[in-house]
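>>> need a 3D model of the following:
(one chain, ligands or ions: 1)
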Amino acid sequence: MTHLTQSSTWQALSAHSKNVPHMRELFATDAARFNKMSLTACGLLLDYSKNRATTETLDLLFALASNSQLEAKIKAMFAGEIINTTEKRAVLHTALRSTAEQSIIAEGQDIVPEVQQTLNKMQGFVSSVTSGQWKGYTGKAITDIVSIGIGGSFLGPKIVSQALRPYWNPELTCHFVANVDGTSISEKLKLLDPETTLFIMSSKSFGTQETLTNTLTAREWFLAKGGLQSDVAKHFVAVTSNVAKATDFGIDADNIFPMWDWVGGRYSLWSAIGLPIALLIGMDNFRALLSGAHQMDEHFANAPLTENMPVIMGLLSLWYGNFFNAQSHVVLTYDHYLRGLPAYFQQLDMESNGKSVTLNGTDVDYSTGPVIWGGEGTNGQHAYHQLLHQGTALIPADFIMPLQSHNPIGEHHDQLASNCFGQTQALMKGRTFDEALAELANSALSAAEKQLIAKHKVMPGNKPSNTLLMDKLTPSTLGALIALYEHRTFVQGAIWDINSFDQWGVELGKDLGNDVLARIGAGQDCDALDASSNALINLYRQGKI
Ligand SMILES: O=P(O)(O)OC[C@H]1O[C@](O)(CO)[C@@H](O)[C@@H]1O
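As a prediction, this is how the structure comes out:
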């Protein structure tokens with residue numbers, strides 16, 4: 001057994017998990033439950049009262065956090081210690097949203113000036129493109145941006161841009177290409193005019209197959225459509241920590257925006273990887289996004305554990321994963337602009353906490369990161385919510401909703417909000433057999449049929465949910481919301497004693513993919529691998545089954 005599962009707090013949580021009353025009872029016996037179990041920070045309100053938690057539960061969870069040295073680990077991250085031990089890197093995405101007055105040391109050097117310089121370079125670029133001063137090769141202003149990148153170099157820019165649609169510059173459109181599937185880039189290129197299109201190649205490593213291939217295709221298209229090699233600099237810029245590789249690739253040195261090893265890919269939207277966002281919403285709004293995230297950083301670093309929003313959310317999710325065998329966690333956004341957020345949180349959390357060994361290499365004997373999934377309310381209510389209400393799996397849920405809509409038409413927002421609050425209530429209360437039977441009292445069914453149908457209508461309830469509210473979706477509240485989930489992921493990784501900042505599991509697939517590519521191109525049938533892989537490669541080479 002690991003130290004964690006051996007600890008008396010873990011054992012106490014395990015015993016306590018069998019004795020928590022149904023949430024109906026918890027609400028019935030405490031009218032002040034919402035007041036006690038909700039908090040506001042950085043423009044967000046978290047209602048965590050609809051959880052299987054009593055004061056004893058929370059005390060034990062906070063003790064677990066303290067015993068795991070969570071506060072010291074938070075300090076170590078903010079201080080730039082090498083907490084990504086397998087890659088020997090500091091983890092300082094928080095420095096990207098620090099104030100210019102701060103001083104943050106990574107590898108012996110204050111990194112704040114570099115961060116500010118890059119923001120200023122972005123500012124100059126954004127103003128040059130949006131003012132029309134930046135011209136394409138025929139002298140026309142840029143109308144279309146194509147952002148090429150994958151993983152964190154795609155999801156952050158795409159989903160944050162989508163979320164901040166009301167703030168877009170109407171003169172610009174942004175397209176996102178990630179997948180190496182030629183269909184993806186082909187369909188985008190069909191819409192574009194090379195004279196007015198600017199490509200942003202985003203790759204921290206500058207070595208990711210998908211991004212390199214898509215950029216080469218974009219460059220070939222540009223040249224085939226009439227652009228000259230000498231015009232490439234007017235239409236291609238790059239964001240990378242590998243400046244040498246980007247220049248070798250042919251990107252003009254002036255058109256390279258730097259990022260750094262101490263920024264993980266899935267935490268990089270705050271760096272120049274966020275350039276597509278900045279172009280669309282303008283630099284003032286981009287800075288407001290950073291500032292919202294910075295406020296959440298301050299809250300996370302300074303609030304006591306018991307009043308710390310990311311800590312509370314991280315602990316409650318761990319509670320269900322480790323003590324109620326919850327294998328997944330659903331994120332439900334009641335705002336069309338936030339429809340991409342579940343996919344963003346999916347990479348953030350699953351790439352970070354999908355780990356099976358502790359920092360010192362011991363196999364874990366507890367569950368780590370759950371499957372994160374979700375979608376947009378109310379659509380999901382007519383699809384997968386059935387399983388949330390009556391399925392056999394316990395799936396804790398986060399409901400996220402702005403109180404004011406950017407599009408306040410008629411009764412739409414009242415209906416959206418009532419669905420959101422109705423769902424959390426239904427999950428919590430459920431419906432008992434007697435209630436179901438009473439509802440059928442006046443129906444024409446026979447007594448036996450009523451008994452049977454009532455059985456099918458029973459909903460156990462006691463299904464946990466958090467509700468996160470904000471006044472309005474703005475760059476600042478969105479920044480705080482995303483930083484909240486980043487830190488929630490950190491809290492869990494810290495307690496599980498895993499490295500939330502590497503991603504070795506992705507590498508084997510990449511290596512074997514490259515090996516298969518070589519075999520496909522080898523000009524002869526493959527017989528060196530397992531029977532299945534050989535057959536699949538050979539069928540692919542023949543082009544028919
Ligand atoms: O920005 P890069 O280096 O192209 O990497 C893209 C993505 O690939 C990964 O390394 C692995 O999927 C992600 O963490 C990262 O965001």
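>>> closest residue of the stretch 101-250 of the chain to the ligand?
Scanning the stretch 101-250 of the chain for the residue nearest the ligand gives Gly151, at 2.6 Å (criterion: C-beta to the nearest ligand atom). Every C-beta, even on glycine, is put in place using the N, C-alpha and C of the backbone.
>>> tell me who's in contact with the nearest residue to that residue once chain neighbours are set aside.
By the measure of C-beta to C-beta, 6 or more residues apart in numbering, the closest residue to Gly151 outside its immediate chain neighbours is Gly265, 5.3 Å from it. With contacts defined as C-beta atoms under 8 Å, 6 or more residues apart in numbering, Gly265 is in contact with Gly151, Gly152, Ser153, Lys204, Gln503.
>>> need the max-distance pair from those residues.
Farthest-apart pair in the contacts of Gly265 is Ser153 and Gln503; separation 13.3 Å (C-beta to C-beta).
>>> give me the more crowded residue out of these two.
Here Ser153 and Gln503 are set side by side on neighbour count (other C-beta atoms under 10 Å), and the busier one is Ser153, at 30 against 21.
>>> which secondary structure state does that one sit in?
helix (DSSP: H, G, I helix; E, B strand; the rest coil).
>>> about what we covered before: got the contacts of Gly265 as JSON lines, with distance to Gly108 columns?
Supplementary listing: the contacts of Gly265 in JSON lines, determined by distance: C-beta to C-beta, whole Å:
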{"residue": "Gly151", "distance to Gly108": "29"}
{"residue": "Gly152", "distance to Gly108": "26"}
{"residue": "Ser153", "distance to Gly108": "28"}
{"residue": "Lys204", "distance to Gly108": "22"}
{"residue": "Gln503", "distance to Gly108": "26"}
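>>> packing partners of the helix or strand encompassing Met401?
Here Met401 is covered by strand 397-404, with elements defined by DSSP states H and E. With contacts defined as 3 or more C-beta pairs under 8 Å, 6 or more residues apart in numbering; DSSP states H and E, strand 397-404 has these neighbours: strand 328-333, helix 412-429, strand 465-472.
>>> one more time with 10 Å
Other helices and strands packing on strand 397-404, by 3 or more C-beta pairs under 10 Å, 6 or more residues apart in numbering; DSSP states H and E, are strand 44-47, helix 309-323, strand 328-333, helix 341-353, strand 371-376, helix 412-429, strand 465-472, helix 475-496.
>>> what's the closest of those to Leu192?
Of the helices and strands packed on strand 397-404, nearest to Leu192 by C-beta to C-beta is helix 341-353, at 24.6 Å.
>>> buried sites along that closest one?
Of the residues in helix 341-353, 341-353 count as buried by neighbour count, 16 or more other C-beta atoms under 10 Å.
>>> tell me the one of those residues nearest Leu164?
Ranked by distance to Leu164 (C-beta to C-beta), the buried residues of helix 341-353 are led by Leu341 at 12.0 Å.
>>> how close does the closest one sit to Gly521?
When C-beta to C-beta, to the nearest Å is the yardstick, Leu341 and Gly521 sit 40 Å from each other.
>>> Val160 now?
Spatial separation of Val160 from Gly521 under the definition C-beta to C-beta is 38 Å.
>>> on that earlier part again, in CSV: the buried residues of helix 341-353, plus pLDDT and distance to the ligand.
Output for the buried residues of helix 341-353, formatted as CSV (pLDDT from 0 to 100; distance: C-beta to the nearest ligand atom, whole Å):
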residue, pLDDT, distance to the ligand
Leu341, 98, 17
Pro342, 98, 17
Ala343, 98, 13
Tyr344, 98, 12
Phe345, 98, 14
Gln346, 98, 12
Gln347, 98, 7
Leu348, 98, 10
Asp349, 98, 13
Met350, 98, 11
Glu351, 98, 6
Ser352, 98, 9
Asn353, 98, 13
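>>> and the furthest pair within these?
Based on C-beta to C-beta, the longest span within the buried residues of helix 341-353 runs between Leu341 and Asn353 and measures 17.6 Å.
>>> picking up where we left off before, now do the strand holding Met401 against helix 341-353, angle only.
With axes from the mean of the first three to the mean of the last three C-alpha atoms, to 10 degrees defining the directions, strand 397-404 sits at 140 degrees from helix 341-353.
>>> relative to strand 465-472, how tilted is strand 397-404?
Between strand 397-404 and strand 465-472, the angle formed by their directions is 20 degrees, by the same axes, to 10 degrees.
>>> partners of strand 397-404 in the sheet?
Strand 397-404 has the following sheet partners, assigned by DSSP bridges: strand 328-333 (parallel), strand 465-472 (parallel).
>>> what average pLDDT does the shortest one get?
Right, the one you point to is strand 328-333. Average pLDDT, strand 328-333: 98.
>>> off-centre distance for that strand?
11 Å (C-alpha atoms, centre = their mean, to the nearest Å).
>>> list the buried residues for stretch 443-450?
Taking 16+ other C-beta under 10 Å as the criterion, stretch 443-450 shows Lys450 as buried.
>>> what is the end-to-end distance of that stretch?
When the termini of stretch 443-450 are compared using C-alpha to C-alpha, to the nearest Å, they are 8 Å apart.
>>> same question, stretch 229-244
One end of stretch 229-244 to the other measures 19 Å (C-alpha to C-alpha).
>>> what ranges do the strands span in this protein?
Taking DSSP state E to define them, one finds strands in the chain at 38-41, 44-47, 105-106, 109-110, 144-148, 173-177, 197-202, 236-240, 256-258, 328-333, 371-376, 397-404, 465-472.
>>> want to throw those strands into TSV with mean neighbour count?
Putting the strands of the chain into TSV (neighbours: other C-beta atoms under 10 Å) gives the following:
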stretch	mean neighbour count
strand 38-41	16
strand 44-47	19
strand 105-106	18
strand 109-110	12
strand 144-148	23
strand 173-177	20
strand 197-202	27
strand 236-240	27
strand 256-258	20
strand 328-333	23
strand 371-376	19
strand 397-404	20
strand 465-472	20
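>>> compare the strands paired with strand 397-404 and give me the one nearest the ligand.
Using C-beta to the nearest ligand atom, the nearest of the strands paired with strand 397-404 to the ligand is strand 328-333, at 19.4 Å.
>>> helix 475-496 and that closest one, what's the angle between them?
Comparing the axes of strand 328-333 and helix 475-496 via the same axes, to 10 degrees yields an angle of 170 degrees.
>>> what's the burial count for Glu195?
Other residues near Glu195 number 21, with proximity taken as other C-beta under 10 Å.
>>> got the contact list for it?
By C-beta atoms under 10 Å, 6 or more residues apart in numbering, Glu195 lies in contact with 135-143, 222, 225-227, 231, 234-235.
>>> next: Leu468.
Under the criterion of C-beta under 10 Å, 6+ apart, the contact partners of Leu468 comprise 44-48, 309, 313, 331, 333-334, 398-402, 477, 481, 484-485.
>>> more neighbours: which of Val160 and Gly521?
Neighbours were counted for Val160 and for Gly521 using other C-beta under 10 Å; Val160 has more, 25 against 8.
>>> mind listing what that one touches?
Val160 makes contact with 269-270, 274, 276-277, 280-281, 286, 289, 340-341, 344, 475, 478-479, 482 under the criterion C-beta under 10 Å, 6+ apart.
>>> do you know how far it is from Glu210?
Using C-beta to C-beta, one gets 20 Å for the distance from Val160 to Glu210.
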